[in-house]
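Trainee: Test case, fold it:
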Amino acid sequence: MIACRALGPIDVSIDGVPAPPELLWRKHLALLLYLLRSPRRTRGREHLIGLLWPDSADGKARQSLNEALRIIRKKCGDDTVDTEVADLVRLGDQFVLDVEEFEAAHAAQDWARAASLALGEFAEGFGVKAATDLEDWLDAERRHFRAKGVEALTQQSEILLARGATDAATAFAERALALDPLSERAARSVMRSRILSGDRRGAAECGQQFSDRLKSELGVEASAEMRHLGKVAEAVVPEARPGRIASQAERTPFLGREAELTELLGKWQTCVSTRCATLAIVTGDAGAGISRLLEEVAARVALDGGSVAGLRAVDADQDHDASLISGLATGGLHGLPGVATASPAALAAFARRFAGWAERYAGAGHGDRELELELALAEVIRATAEERPLLLLLDDAHRLDAVSLRMLPRLLRAANDLPVMVLLGACSDARSDELNELRRLVGQVPGVAITIGALPTRALRDLAATLLPAYNEVELDRLVRRVSTDSAGLALLAVEILRAVSRGLELEGSGKAWPDTAQTLDQTLPGDLPDAVVAALRLNAKRRLSKTAHAVLAAAALAPDRVSPELLAHATELDRRVVEEALDELEWQRWLVAEGRGYSFVARLVRRVVARDLLTPGQRRRLLARVEGWRADHLA
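Mentor: Next up, the predicted model:
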């Protein structure tokens, strides 16, 4: 078998052995490649002479063609070239050409196979001087395979993104952009995959560089979709401030939840295409990765041009009726496209209650009626969804008050003919009549209910291999068994332990399994945690955080569930600006989560460990006194 690879630098092998030098002489190789790409691998002698020896005398040109065919026969086999039909040259079936396999895979939409073959430009770096027609043919082939290669690589990148394999998706997207630096499709694919992998700054830089190339080489501006991706990337890149720790977010690799992500994104696409309100409920143990899954869905919706508004509930929300409304009102809803088209009465209802709305819609008037906030919210949701599909993200929804939970079915009915999806995350052990009603509602309206369990062993091993690339197979197997026991398969804790191991934490002998069979994770006290979990959290706080961020984190652990920069500045006796920089760092390093109403810990369990193990008794007393003093002054 003679294998010829033409995508990338040309490579020819005979029965697995590199072809001899005589076969690789430029015109011999050009003749072989051209015949392989010809219809039925056949061409006329006159055509081949005119293509490869256009400036040679007729007799010399024929002699050169015969010599080239002789070399092919000699090196590849007598039966590989057929010249029995007068004035025709045909290559035999012994040759295998990668572009034929690529085109077959492309036609079958086997993007994984096609992408694996798209290794570069057609006949990269190859040419024959003074053979103008051949150069024109090579240019045409390159344009053809460049376009198909970009399609295959970006399609495979999107498939991997849908599965949550962001690193692999980024690699395919970057290969597509390298293949065609002026392909907007490739540039968008790179930006999407970088944003979803946590490299927002890299995505913004890619978008800017691509826009500059378009303008300088083609004299055109980037499309609206490219500008949208640029805004998404820039919106989440932390502001560079003097003294700020420059570090990338330690974004948790998205592993083990690919099937759930695919199902949720499928529901979203159906919601958009059918313009039908949808309810999706994700439940699982605290720390199992519900927030990470919801975050991934929201990121993809935003990339595709959808609108996203949401909230993260805390225990204190259960004491305030309609915390859903205040959470959404301060969770980005007022800045979404289409909100301004809601009725003046709806805008006025929010402006009377929330400062952000009053500033933005001060000139909206009051209309001829005064609306209750629930009706105003329904109108605003409709106005927003008319402009763009809308995702309402409700994390830790089991901590919402009963009034808010009862409100959700009414809001869904009010938006039943619009592309609105409510994505709700809650703990499996949360029990309330309102949550049970929402679970039953999934069977009555378009939607899905998903329960996620412990991180699968395969995913835990992939996670360990990603975070600890120097470990061999035996070391990984041993580590995964230990981490699986100590983390109870919970993604949050497994990541913390593995990150700590990468920073030098040594795991000793395994302790007893936990949580206790009679308890949930939220009921587990810090003292009941395996030593490895506590040690990992301590080490990660010490190695990942600046001194200022560490102090702010400690104060946040002793404050209420949701804290403000003002409270933390008072508790730490630091300048407000310094506290805000520390909060940026803590959010970027995934200790705290920000939403419109303040900051809260990524998990209550982490908060408990910080409060108990990262403070001396004296520090704890002083911080508590300042926190309580501030609350007494501001909540009186």
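Trainee: quick one, helices of the stretch 451-600 of the chain?
Mentor: Remark: helices assigned in the stretch 451-600 of the chain by DSSP state H, counting those that start in this stretch are 457-467, 473-487, 491-502, 531-544, 547-558, 565-572, 576-588.
Trainee: What ranges does this structure have for its strands?
Mentor: In the chain, the strands defined using DSSP state E lie at 2-5, 11-14, 17-18, 42-44, 81-82, 88-91, 95-97, 278-284, 307-312, 390-395, 420-427, 447-452, 592-595, 598-601.
Trainee: Of all the ones you listed, which one is nearest His228?
Mentor: For these, the distance to His228 is smallest for strand 307-312, at 11.8 Å, taking C-beta to C-beta. Just so you know, the C-beta spots here come from the backbone N, C-alpha and C atoms, and that holds for glycine as well.
Trainee: Who are the packing partners of the closest one?
Mentor: Packed against strand 307-312, as judged by 3 or more C-beta pairs under 8 Å, 6 or more residues apart in numbering; DSSP states H and E, are the following elements: helix 290-303, helix 323-329, helix 373-387, strand 390-395, strand 592-595.
Trainee: Just the C-alpha atoms of that strand, please, in CSV.
Mentor: Output of strand 307-312 as CSV, limited to C-alpha atoms (Å, rounded to 0.1, in the frame of the first residue of the first chain):
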residue,chain,number,x,y,z
SER,A,307,-30.3,36.9,28.0
VAL,A,308,-29.4,35.6,31.5
ALA,A,309,-30.6,36.9,34.8
GLY,A,310,-30.5,35.1,38.1
LEU,A,311,-30.0,34.9,41.8
ARG,A,312,-28.3,32.7,44.4
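Trainee: What strands flank that strand, and is each parallel or antiparallel?
Mentor: Here strand 307-312 is paired, per DSSP bridges, with strand 390-395 (parallel).
Trainee: So what touches the strand it pairs with?
Mentor: Strand 390-395 has contacts (C-beta atoms under 8 Å, 6 or more residues apart in numbering) with 268, 290-291, 294, 297-298, 301, 306-313, 324, 327-328, 336, 381, 384, 400, 418-425.
Trainee: Pass me the low-pLDDT residue ranges in the stretch 201-350 of the chain, would you?
Mentor: Low-confidence segments of the stretch 201-350 of the chain (pLDDT under 70): 235-253.
Trainee: please redo it, this time with the cut-off set to 50
Mentor: Counting by pLDDT under 50, the stretch 201-350 of the chain contains low-confidence ranges at 237-249.
Trainee: Can you show me the helices along it?
Mentor: Ranges of helices within the stretch 201-350 of the chain are 224-235, 258-274, 290-303, 323-329, 344-351, based on DSSP H, counting those that start in this stretch.
Trainee: wait, which of the ones you listed is closest to Gly127?
Mentor: Among these, helix 224-235 comes nearest to Gly127, with 33.2 Å by C-beta to C-beta.
Trainee: burial measure for Glu221, as a count.
Mentor: By other C-beta atoms under 10 Å, the residues close to Glu221 number 11.
Trainee: I'd say it and Leu214 touch.
Mentor: Yes - assessed by C-beta atoms under 8 Å, Glu221 is found in contact with Leu214 at 7.0 Å.
Trainee: per-domain residue ranges of this structure.
Mentor: Segmentation of the chain into domains, based on automatic domain parsing, reads 2-108, 135-235, 258-450, 457-538, 545-634.
Trainee: what's the least confident stretch among those?
Mentor: Lowest mean pLDDT of the domains of the chain: domain 457-538, a mean of 75.
Trainee: Show me what the biggest helix by length in the chain is packed against.
Mentor: In the chain, assigned by DSSP state H, the helix with the most residues is helix 132-162. Applying 3+ C-beta pairs under 8 Å, 6+ apart, one finds that helix 132-162 makes contact with helix 26-36, helix 45-52, helix 98-107, helix 111-117, helix 166-179, helix 184-197, helix 258-274.
Trainee: Just the buried positions in it, please.
Mentor: Of all the residues in helix 132-162, those buried under the rule 16 or more other C-beta atoms under 10 Å are 134, 137-138, 141-142, 145-146, 148-161.
Trainee: Kindly report the same for stretch 402-415.
Mentor: Neighbour counts over stretch 402-415 (16+ other C-beta under 10 Å) mark Ser404, Leu405, Met407, Leu408, Pro409, Leu411, Leu412, Ala414, Ala415 as buried.
Trainee: Centre of the chain to that stretch, how far?
Mentor: Taking C-alpha atoms, centre = their mean, to the nearest Å, the mean C-alpha location of stretch 402-415 is offset from the chain mean by 30 Å.
Trainee: ditto for stretch 575-585
Mentor: Centroid separation for stretch 575-585 versus its chain: 27 Å, with C-alpha atoms, centre = their mean.
Trainee: Which positions within it qualify as buried?
Mentor: By 16+ other C-beta under 10 Å, the buried positions in stretch 575-585 come out as Val578, Val579, Glu580, Glu581, Ala582, Leu583, Asp584, Glu585.
Trainee: go on, stretch 605-612?
Mentor: Residues of stretch 605-612 classed as buried by neighbour count (16+ other C-beta under 10 Å): Leu605, Val606, Arg607, Arg608, Val609, Val610, Ala611.
Trainee: And for stretch 493-504?
Mentor: Leu493, Ala494, Val495, Glu496, Ile497, Leu498, Arg499, Ala500, Val501, Ser502.
Trainee: Identify the farthest-apart pair in those residues.
Mentor: Across the buried residues of stretch 493-504, the longest distance by C-beta to C-beta is 15.0 Å; it joins Leu493 and Ser502.
Trainee: Among the helices of the stretch 201-350 of the chain, single out whichever gets nearest to Leu574.
Mentor: Nearest of these (C-beta to C-beta): helix 224-235, 26.8 Å.
Trainee: can you give me the angle that closest one makes with helix 290-303?
Mentor: Counting by axes from the mean of the first three to the mean of the last three C-alpha atoms, to 10 degrees, helix 224-235 lies at 140 degrees to helix 290-303.
Trainee: how far out from the middle of the chain is helix 224-235?
Mentor: The answer for helix 224-235 is 15 Å, by C-alpha atoms, centre = their mean.
Trainee: Check stretch 61-75 too.
Mentor: Centre-to-centre, stretch 61-75 and its host chain are 54 Å apart (C-alpha atoms, centre = their mean).
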